[in-house]
Each structure stands twice: as C-alpha cells, then as structure tokens.
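Participant: Model the following, please.
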Amino acid sequence: MRFPLLLALAAVLTSASWGRPVAADDLERGEALYKLCAQCHGPEGAGNPTIAAPTLAGLPTWYIESQVHKFRDGVRGAHPDDMAGLRMGPMARTLRSDDDVKAVAAYVGSLTPADPHATLEGGDATRGQALFAPCTACHGPDAAGNQTLFAPTLRHNSDWYLLAQLQKFKAGLRGANPQDTTGMLMRPMALTLSDEQAMKDVVAYILTLK
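Facilitator: Numbers count the residues shown, from 1 in each chain. All right, here's what the predicted structure looks like:
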C-alpha cells in the first residue's frame, strides 16, 4: 500500500473514530480516573524519565484517546522488547469502557503544558532542521501536528521520549503491527534516519520549536 493511500485511510479512521464531542462532566470523571495514571505520569502530566513515563500535558485529547485504545487492544506496547509499552497495557485496561478512555483523555487534554528542558547531549539542531523537512508533511513546519493526518504535536514532548520513539519505530517495536494503521505511517519515516546521531539531531531541532 502506498504512503499517500495510508494517509487517506488514516484520515478516514481519524474522523470516524475521534470526532466525538467532549461532554462537560468528562473532566471531573477523568480527573478521578487519572489518579492511577498520576502515579507514573505525575499529577500535572509532566512525566517521569526515571521510569520512562512521558509527558502527557500538551498532547491533544484525540491522540491520548487513540493511544490508550491501542494499548488496551494490544496494538501498541505488546512487543516483548518494549518494556515501557508493556507496562502501559495493563494500566490502559483498567479503563473498562470507551467512556472511561474518553474521560481520561479529556482531562489530560486540559492539563497545562510546559516546554521540556533538553536532557540529551550531542544533537545538532541545524542539521536536524534539514532532516526534519520530510516530517513537516504531516507534523507541520512548527511540529504542531495535524489531526486530519493523525499526526500529533511533537512539541512539549521530552527529548529522551522522542528519541526512544524514533528508535522503537525504526526497530519495529512500534508501528509494525498490521492493526496499527496510523503507527505504520511513522515507521518508514523513522527508517530514513540513518543512525542515532540523525535521530538526536532531529530531536534537538524539535526542541527549538516552542
């Protein structure tokens, strides 16, 4: 299947699955359900790198909802080498209904994002800008994302997490499951980055987009 066709399919799935409005009471219910998530991701959604728990604040509601569904269904985080992903599966399944998922996503989407501080060394943002050029087709020139193309914002993510996800996509730990039609869009892009240095360069550039 060609890349443009995959993009079109992702757009159809996105509009069909994640276009539901958020009810006013979702935030209150979501806050209660999020207390379990806060043990790893923190009460403000700032994450915890010591346990590979990423920042959640700043991610859009539709993306949070979709990823929780993937973890619940074993579409993401089921690879035996993805230790962080394997931890998320059981946690996602504590949300027993789609309404629970929607409520948590709505609450996470309400959290105030903060620009992350750089923790990685050796990244060249100037070189990364050139390497990031193909990424703009989906994520935009400012990395703000595009829901129509199912491309999340890359801003507000920690650099260590962005690097880890690129490594997972390239190694097939993420985006290789045939049911992950949107994750499959990212794997070919990650494969264009020749090595870890190229990944660090791209990540360094993304962190300049605040």
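Participant: Quick check: closest non-adjacent residue to the residue nearest the centre of the chain.
Facilitator: Nearest residue to the geometric centre of the chain (CA atoms, centre = their mean): Pro152, 6.4 Å. Using CB to CB, 6 or more residues apart in numbering and skipping the chain neighbours, the partner closest in space to Pro152 is Tyr63 (4.3 Å). For the C-beta atoms, the positions are set from N, CA and C on the backbone; glycine is no exception.
Participant: Burial check on that neighbour, number of neighbours?
Facilitator: 22 (other CB atoms under 10 Å).
Participant: same deal with Leu36?
Facilitator: 13.
Participant: Is it correct that it is in contact with Ala92?
Facilitator: No - assessed by CB atoms under 8 Å, Leu36 is found out of contact with Ala92, at 10.5 Å.
Participant: Just the helices from the chain, written as ranges.
Facilitator: Using DSSP state H, the helices of the chain run over 3-17, 26-41, 61-73, 83-92, 98-110, 125-132, 136-139, 159-171, 183-191, 196-206.
Participant: who wins for proximity to Ile51 among the ones you listed?
Facilitator: helix 26-41 (6.0 Å; CB to CB).
Participant: Just want the angle from that closest one to helix 83-92.
Facilitator: 140 degrees (axes from the mean of the first three to the mean of the last three CA atoms, to 10 degrees).
Participant: List the buried residues in helix 26-41.
Facilitator: Asp26, Arg29, Gly30, Glu31, Leu33, Tyr34, Cys37, Cys40, His41 (16 or more other CB atoms under 10 Å).
Participant: what does stretch 45-59 give?
Facilitator: For stretch 45-59, by 16+ other CB under 10 Å, it's Gly45, Ala46, Gly47, Ala52, Ala53, Pro54, Thr55, Leu56, Ala57, Gly58, Leu59.
Participant: from those, which is closest to Gln67?
Facilitator: Leu59 (8.5 Å).
Participant: and that closest one, what does it touch?
Facilitator: Val108, Gly109, Pro152, Thr153, His156 (CB atoms under 8 Å, 6 or more residues apart in numbering).
Participant: Looking at those, spot the one nearest Arg76.
Facilitator: Closest approach between the contacts of Leu59 and Arg76, by CB to CB: Pro152, at 13.2 Å.
Participant: Please tell me how far the closest one sits from Thr94.
Facilitator: 23 Å (CB to CB, to the nearest Å).
Participant: show me where pLDDT drops low in this protein?
Facilitator: Where the chain drops to pLDDT under 70, the residues are 1-24.
Participant: Among the buried residues of stretch 45-59, which pair sits farthest apart?
Facilitator: Farthest-apart pair in the buried residues of stretch 45-59 is Ala52 and Gly58; separation 17.9 Å (CB to CB).
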